[in-house]
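Undergrad: The sequence and its predicted three-dimensional model are supplied below.
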Amino acid sequence: MLEWLILPTVIAGAAMLPNKKLESWEYHTKHLYYHSWLVPIGKKRRVMYHNFEHYPHMLVGGTTRFGKTVFLKSLFASLILANPDRVRLYIIDLKGGLEFGEYESLPQVLQVADDLISACQLLDTVYKEIKEQQGRFREKGYKNISDTNIRKRTFIMVDEGAELSPKLVSKEKKKYAELAQIYLGEIARIGGGLGFRLIFATQIPYREAVPGQVKMNIVARVSFKIADQIGSRVILDEKGAEELEPIAGRAIYKLAEKHEIQCPYITDQMIGGFLHEQNRKNTDAD
Ligand SMILES: Nc1ncnc2c1ncn2[C@@H]1O[C@H](COP(=O)(O)OP(=O)(O)OP(=O)(O)O)[C@@H](O)[C@H]1O
């Protein structure tokens, strides 16, 4: 009887036990696989990787200051450093371009949009590319990019996606936000098989912040600390992110299973250093 009484408490409490083995760690290129879409996302016991070929899109959420942008920058760095000649990046940085604007001159970065209207224009460009790719695939009888010898992949990274929500913008911007939702939905729905990968991040875990089609078509989820179960359900479809310890970089990575991870720490200076090193190696090789 006593056992029956104690056990549920232990089980219910297990998920909340702080994971003391997870420690802060710095991003390093030694964890990369050159010409692979396996991207390091965090450490559990060992480094965990997300495979953007198997799960093309990713939804990222978390309350402000818990490491969402640092995480996006680590993905950005990995994509460029592991696939410098194969990755194409479109970035919607709705923090006014403050986080990614400085990378706009990189050859892999096609555009950085810093407000709703430029985001719509960027998404329109991406949508046209998707339709063109779809036409080419139809002509050649291709079903999926993984069956072709096309090596390039196009990533659309959105930092602060809630700024694109019709329910969360002012009345006069509503029609732009509605258009953005349609484009994002289509990218998530048909883009994956055509070589387009959407990484959609939001700091506001309201249902309205994540377009329905986007959520429906994204299997991979990453959530940093969130205030409550409702927010956790928006990102992970279940509770759990509210129980994370309030540590920057601590997150839950969810595919079929949930994993508590510590994401790598990276700064703009570190990214600059890695890019510089890559350029030096390329110049030496020429
Ligand atoms: N993986 C990490 N390891 C250690 N510290 C981290 C990590 N990620 C973030 N931090 C620390 O937390 C701070 C906030 O991170 P970040 O800017 O990514 O948060 P955010 O959730 O995007 O917040 P905001 O939306 O306000 O920018 C960073 O400046 C850094 O000091």
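TA: Received, thanks. Residues are numbered from 1 along each chain as shown.

Undergrad: Residue numbers of the protein in contact with the ligand?
TA: Within the chain, the positions near the ligand by C-beta under 6 Å from any ligand atom are 24, 62, 64-70, 203, 248-249, 263-265. Backbone N, C-alpha and C define where each C-beta goes, glycine included.

Undergrad: Tell me which two of the residues you listed sit farthest apart.
TA: Spanning the widest gap among the residues of the chain next to the ligand are S24 and Q203, at 21.0 Å by C-beta to C-beta.

Undergrad: Have a look at the two and say which one is more surrounded.
TA: Taking other C-beta atoms under 10 Å, S24 and Q203 do not tie; Q203 has more neighbours (23 against 13).

Undergrad: Indicate the residue of the stretch 151-286 of the chain located nearest to the ligand.
TA: Of all residues in the stretch 151-286 of the chain, G249 sits closest to the ligand, at 2.4 Å by C-beta to the nearest ligand atom.

Undergrad: Number of residues surrounding that residue?
TA: 23.

Undergrad: OK, contacts around it?
TA: Contact analysis of G249 by C-beta atoms under 8 Å, 6 or more residues apart in numbering lists 24, 42, 66-67, 70-71, 224, 262-265.

Undergrad: one more time with 10 Å, if that's ok
TA: Residues in contact with G249 (C-beta atoms under 10 Å, 6 or more residues apart in numbering) are 22-25, 42-43, 66-68, 70-71, 74, 224, 261-266.

Undergrad: Among those, which ones are in strands?
TA: Using DSSP state E, 42-43, 224, 261-262 are the members of the contacts of G249 that sit in strands.

Undergrad: tell me which of those residues is nearest to G231?
TA: Closest approach between the ones in strands among the contacts of G249 and G231, by C-beta to C-beta: F224, at 10.6 Å.

Undergrad: what about burial for the contacts of G249, which qualify?
TA: 22, 42-43, 66-68, 70-71, 74, 224, 261-266 (16 or more other C-beta atoms under 10 Å).

Undergrad: just checking, I252 is part of a helix?
TA: No: using DSSP: H, G, I helix; E, B strand; the rest coil, the assignment for I252 is strand, not a helix.

Undergrad: Please report how far it lies from I271.
TA: Distance check for I252 against I271: by C-beta to C-beta, to the nearest Å, it reads 25 Å.

Undergrad: More neighbours: which of those two?
TA: Legend: neighbour count by other C-beta under 10 Å for I252 and I271, higher for I252 (26 against 19).

Undergrad: Identify the bridge partners of E260.
TA: Beta bridges link E260 to I252, judged by DSSP bridges.

Undergrad: And for it, the neighbour number?
TA: 20.

Undergrad: Now do the end-to-end distance for stretch 143-157.
TA: Distance between the two ends of stretch 143-157: 24 Å, counting by C-alpha to C-alpha, to the nearest Å.

Undergrad: follow-up on the earlier one: now the phi/psi pair for the residue of the stretch 151-286 of the chain closest to the ligand, please.
TA: Here is the backbone geometry of G249 (degrees, to the nearest 10): phi 90, psi -10.

Undergrad: per-residue pLDDT, it?
TA: G249 is assigned 97 on the pLDDT scale.

Undergrad: can you give me the strands in the chain?
TA: Using DSSP E, strands in the chain cover 38-43, 47-51, 58-61, 87-93, 109-113, 153-159, 196-202, 220-224, 250-254, 258-262.

Undergrad: strand partners of the third one, parallel vs antiparallel please.
TA: Under the criterion DSSP bridges, strand 58-61 sits next to strand 196-202 (parallel), strand 220-224 (parallel) in its sheet.
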